[in-house]
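**Student:** mind looking at a prediction? Sequence and model below.
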Amino acid sequence: MNSVVPLQRTEPAKQVGAVTAAIAILRCLGHHEDSLRLTEIVAKEGINPSTALNILRTLEYEGLVAFDRRTKRYTLASGLADLAAPLVKRDDPVTRAARAMVAAAQELHATIGLWRRVGDELELLHVADCGATIRIAFTLGRRLPMFLGAMGRLVAARGEWREEELDRGFAQVPWAKPPCYAAWKDEVTAAARDAVGIDRGHVNAGVLGVAVPLERAGPLRHVIAAALFDTSDHADPRVIAHRLRAVVDDADA
């Protein structure tokens, strides 16, 4: 549902084709609940059949993919969980926040993202949604301009920006309904005072965005932001901000 076009990442000088293809295959299998045949993977990812088969055999040998020789179908294997175990076992504030977001998304009937500041962009690290049939969707890894929406008001509020930097950053945001710059500056001031950023339909029509900082003081490195349809009975910025702050409390516990 989210119509914002993410900024493109800078590609490495030379990509390794086999690695790129292997990652594409793993993502393909991960995006489908049912196991897939080689022909289905090839059709979906546009990979040469011989190349795909060799990669799948290697991934199976390494325990990252399982192959059912009766049905000739592939699926992800438990080796991936072993590979990711060090990440799963982490118990830092970011990991705790990601876990707490799941319950908050269900309660708020919202999609909640944990974003990380990367240069002049925000990158989505974790996402939790309410599971509704019609919901706002975000893609992990996407990057957006740092001054975009509710999150952007927080970034602007917590930084030491020259006026020309704010002006330039504001102009770079792909607004669906651009706010008045003076009004946006007032909302940045409010975000600094209240430690919450709010956007009502300026990024995506009909969508309410509410964001709070993960770091209570010092440099702002992470933002937790909720997005939900503004027509929802749950679309009260004060209630949403209070629930998001509870996620931050869980992260600090």
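**Tutor:** Alright, I've got the coordinates. Predicted model, so just to flag it, every value in this text is computed and none were measured. Numbering: from 1, shown residues only.
**Student:** show me how the chain divides into domains.
**Tutor:** 17-83, 90-252 (automatic domain parsing).
**Student:** now the ones you listed as JSON lines including mean pLDDT?
**Tutor:** Converted to JSON lines, those look like this (pLDDT from 0 to 100):
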{"stretch": "domain 17-83", "mean pLDDT": "91"}
{"stretch": "domain 90-252", "mean pLDDT": "90"}
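**Student:** could you identify which of the ones you listed is most buried?
**Tutor:** domain 90-252 (a mean of 18; mean count of other C-beta atoms under 10 Å). Glycine gets a C-beta too; all of them are placed from N, C-alpha and C.
**Student:** return the distance of that domain from the chain's centre.
**Tutor:** 11 Å (C-alpha atoms, centre = their mean, to the nearest Å).
**Student:** state the pLDDT value of residue 2.
**Tutor:** pLDDT for residue 2: 43.
**Student:** same question but for residue 11, I mixed them up
**Tutor:** pLDDT, residue 11: 57.
**Student:** distance check, residue 151 against residue 60.
**Tutor:** 41 Å (C-beta to C-beta, to the nearest Å).
**Student:** then residue 211?
**Tutor:** 43 Å.
**Student:** just residue 208 next, same as before
**Tutor:** Taking C-beta to C-beta, one finds residue 208 at 46 Å from residue 60.
**Student:** cool, and residue 180?
**Tutor:** 58 Å.
**Student:** show me the helices in the stretch 101-250 of the chain, by range?
**Tutor:** All helices of the stretch 101-250 of the chain, identified by DSSP state H, counting those that start in this stretch, fall at 149-158, 163-172, 181-194, 237-252.
**Student:** out of those, which gets nearest to residue 67?
**Tutor:** Closest to residue 67 of these, according to C-beta to C-beta: helix 237-252, at 39.8 Å.
**Student:** and the angle for the closest one with helix 181-194?
**Tutor:** Per axes from the mean of the first three to the mean of the last three C-alpha atoms, to 10 degrees, the angle that helix 237-252 makes with helix 181-194 is 50 degrees.
**Student:** which elements pack onto helix 237-252?
**Tutor:** In terms of contacts (3 or more C-beta pairs under 8 Å, 6 or more residues apart in numbering; DSSP states H and E), helix 237-252 is packed against helix 93-108, strand 207-213, strand 222-229.
**Student:** and those: which comes nearest residue 122?
**Tutor:** Residue 122 lies closest, by C-beta to C-beta, to one member of the helices and strands packed on helix 237-252: strand 222-229, at 6.8 Å.
**Student:** direction included, what does that closest one pair against?
**Tutor:** strand 111-118 (antiparallel), strand 207-213 (antiparallel) (DSSP bridges).
**Student:** export those as CSV, with columns for distance to residue 82.
**Tutor:** Output for those, formatted as CSV (distance: least, C-beta to C-beta, whole Å):
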stretch, distance to residue 82
strand 111-118, 24
strand 207-213, 34
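**Student:** for residue 170, find the nearest of the ones you listed.
**Tutor:** The nearest among these, by C-beta to C-beta, is strand 207-213 at 15.9 Å.
**Student:** roughly how far apart are residue 75 and residue 34?
**Tutor:** 8 Å.
**Student:** ok, now residue 103?
**Tutor:** Taking C-beta to C-beta, one finds residue 103 at 29 Å from residue 34.
**Student:** likewise for residue 162?
**Tutor:** For residue 162 relative to residue 34 (C-beta to C-beta), the value is 54 Å.
**Student:** who touches residue 146 in this structure?
**Tutor:** 117, 119-122, 152, 155, 169 (C-beta atoms under 8 Å, 6 or more residues apart in numbering).
**Student:** likewise residue 185?
**Tutor:** residue 166.
**Student:** from here on, count from 49
**Tutor:** Yep, numbering from 49; the last one is residue 233 now.
**Student:** against residue 66, how distant is it?
**Tutor:** Residue 233 is 50 Å from residue 66, by C-beta to C-beta.
**Student:** backbone phi and psi for residue 106, please?
**Tutor:** Here the main-chain torsion angles of residue 106 (degrees, to the nearest 10) amount to phi -70, psi -40.
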